[in-house]
Every structure is written in C-alpha cells, then in structure tokens.
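Colleague: quick one: sequence plus predicted model below, questions after.
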Amino acid sequence: MKKLWFRIVLSMCLASCALAQTNSQIHALRTFDGHLPPPGLCAFGQDCFIDYNGGPVFEKTPTIYIVWYGNWTAKDKSIIDYYFTHLGGTTQNKINTIYTDSANKSVPIKINHSTKNDYHDNYSLGKNLSGDGQVQQAIANAISGRHLPKDSNGIYFLLTYKDVNLPGFCTSFCGYHSPSTSIVNGKIIKYSWVGNPARCPDNCEVSKIVGDPGSPNNDPGADGTVSVMWHEFSETMSDPDTSLDPGWGGNYCGENGDCCAYIFGNLHIDAHGHKYTNTIGTKHFITQEMFKLKKKTRGIKLPGVCKQVF
C-alpha cells in the first residue's frame with residue numbers, strides 16, 4: 001500500500017489537508033488535521049511541481065452522472081446540479097485544459113450535465129456502507145437498473161447524504177475518485193464518492209473552514225459538496241485511470257487537485273456577508289484553487305501554481 005502525504009496550514013484562506021492513495025487505485029481528499037506543511041507545497045502562490053506519467057487524460061467532453069444516495073433535498077440537488085450544468089466553458093474549468101496526453105490531446109473545456117443524468121437511490125444498501133465495494137455496487141445498480149447509461153466517457157459521482165457512514169469518512173477523507181473494471185464488465189468506468197460535509201463540517205465543509213457561519217447558497221452541506229466534487233472532477237480529467245495507467249500526478253504534491261487542496265485564493269463577500277471564490281452562471285460558489293501548469297508540456301517535475309481561474 002503506497003501512501004503520499006502532504007499538509008497545508010490554515011492561514012488566512014488556507015486549511016490543512018493531506019492526500020493519501022488509500023489503495024492501488026483510489027485517490028482521496030484527506031481531512032483537515034492541523035499539521036504544519038512540509039516545504040515545497042503550493043501555498044501562498046509559490047511554485048510546486050507535478051509529473052506526467054504517460055497515461056491518458058479525458059480527450060472527449062465528459063458527461064457527469066450523479067447518484068443521490070439518501071435524503072438529499074431539492075435545494076441540495078439544485079445547487080450541485082446548477083454548478084455542473086454551468087461549469088463547462090468557464091475560466092475556472094479552463095485551468096484543466098492545459099493538461100495533455102502523449103498524443104498532445106488536451107482535456108476539453110466543455111462538460112455535459114443535466115438533471116436527466118441524475119438518479120435517486122433511497123438507501124438501497126443501508127446507511128452504513130462497508131467500503132468502496134458498496135460504493136461501486138450502488139453505481140453498478142444504477143447502471144444495471146437502466147437508470148443511468150453505460151458510459152466509459154462519463155464520470156459517475158455517488159453522493160451520500162449526511163446520515164450515511166463510510167469507513168474513513170470525516171476521520172480520514174472527504175471524497176475520492178478511481179477507475180473501476182467491475183462496475184460494468186468490459187469497460188473502465190470512472191467514478192467518485194463524496195460524502196455530505198454537513199456530517200463533519202469542521203473537517204470537510206469549506207465555508208466552516210474559512211470561518212463563514214453560512215455559505216454562498218445558504219446550504220453549507222451542498223456548497224461544501226461542490227468543492228470536494230470540483231477537486232475529484234479535476235483529478236479525474238487529468239488522471240482518469242490513476243494507477244491502472246497513470247496520467248498526471250507524482251511525488252511532489254500528488255494530483256492536480258491535491259496540489260491545491262483547501263487553498264482558496266482571494267475570497268469575495270456577497271451581499272449577505274458570505275464568502276465565495278467563483279461565480280458560475282449567476283450563482284456564487286466556494287471552491288479550492290486548482291493546479292495550473294505554467295505551460296502546456298509533459299515530463300517530470302513540471303512547475304505550476306494554484307489558480308482560481310485561468
């Protein structure tokens with residue numbers, strides 16, 4: 001079991017976080033843990049580095065599928081759906097387009113998502129999931145039940161409500177992404193699990209971490225979920241097959257989301273006094289910055305900085 005660790009100190013707009021590769025394929029966003037960072041992290045705008053390992057990136061416009069596991073409210077869903085419906089083509093998502101594969105093909109700026117790509121699962125596996133096997137099973141059930149299509153160019157998010165437990169959630173990680181060869185036989189399915197941060201706001205809910213008693217859309221759980229999803233989505237775009245065929249990531253700071261985990265940059269204040277980083281469509285959101293390569297190239301130890309927009 002290989003683990004890569006890093007931590008970012010909470011200072012002004014920063015919060016501590018660590019990456020762990022929890023097994024040979026899963027890449028997880030670690031929780032706040034209060035430790036000081038080792039040298040060389042992408043904090044305070046300084047350079048850090050990422051590797052290109054020769055594997056694929058997303059070359060075609062992805063479709064985002066969401067399995068709402070549990071009692072997510074209509075308001076929760078509307079906030080998260082809105083973000084991914086409007087994220088494609090924005091300057092925030094443009095940061096991901098600088099990542100290319102060995103054939104010099106770039107990550108696309110567009111994203112496909114609508115409520116037609118959603119499915120509600122009413123606790124079919126209970127409220128205490130045993131681990132990643134049941135995460136994959138819930139996604140597989142949505143596909144085999146023909147609620148969602150079999151799409152090797154999709155990214156499937158299993159979002160668990162705040163009353164659902166997964167071992168390690170809140171104590172070790174807030175979300176993760178991975179490829180799977182077992183969800184659909186004969187296909188590599190890219191998927192991610194994200195838990196509702198309202199279960200443990202001190203560890204996973206970004207507005208609470210930056211000292212906001214509310215959130216941009218007056219729904220800290222949903223707003224916090226968006227930030228974790230942005231992290232996992234961006235990593236999936238630049239490193240979709242992880243250890244099956246590694247793309248972008250390395251021993252310097254991890255994948256592109258890990259390099260900037262819980263670094264927010266300049267925070268804006270809305271009319272209600274809530275902190276936000278980006279306006280997507282007409283709504284404000286608070287999301288971490290993303291690692292932006294200084295130029296479009298490939299190799300070992302490539303420099304970049306954390307940015308909120310391209």
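Modeller: Looks like it arrived, so ask away. Residues are numbered from 1 along each chain as shown.
Colleague: what ranges do the strands span in the stretch 1-150 of the chain?
Modeller: With DSSP state E, counting those that start in this stretch as the definition, the stretch 1-150 of the chain shows strands at residue ranges 19-20, 27-30, 48-50, 63-69, 118-121.
Colleague: so what's residue 94 up against?
Modeller: 109, 309-310 (Cβ atoms under 8 Å, 6 or more residues apart in numbering). Every residue, glycine included, has its C-beta placed from N, CA and C.
Colleague: returning to what we had before: minimum distance to residue 42: which of the strands of the stretch 1-150 of the chain has it?
Modeller: Nearest to residue 42 among these is strand 48-50 (4.2 Å), distances taken as Cβ to Cβ.
Colleague: let's see the helix or strand hosting residue 237 as CSV, backbone CA atoms only.
Modeller: Using DSSP states H and E, residue 237 sits within helix 220-238. Coordinates of the C-alpha atoms in helix 220-238 are reproduced here as CSV (Å, rounded to 0.1, in the frame of the first residue of the first chain):
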residue,chain,number,x,y,z
PRO,A,220,-23.2,24.6,3.7
GLY,A,221,-23.6,20.8,3.0
ALA,A,222,-24.3,21.3,-0.7
ASP,A,223,-21.8,24.1,-1.1
GLY,A,224,-19.2,22.0,0.6
THR,A,225,-20.0,19.1,-1.6
VAL,A,226,-19.4,21.2,-4.7
SER,A,227,-15.8,22.0,-3.6
VAL,A,228,-15.0,18.3,-3.0
MET,A,229,-16.6,17.4,-6.3
TRP,A,230,-14.5,20.1,-8.1
HIS,A,231,-11.4,18.5,-6.6
GLU,A,232,-12.3,15.0,-7.7
PHE,A,233,-13.6,16.0,-11.1
SER,A,234,-10.4,17.9,-12.0
GLU,A,235,-8.2,15.0,-10.9
THR,A,236,-10.3,12.6,-13.0
MET,A,237,-9.9,14.8,-16.0
SER,A,238,-6.1,14.8,-15.8
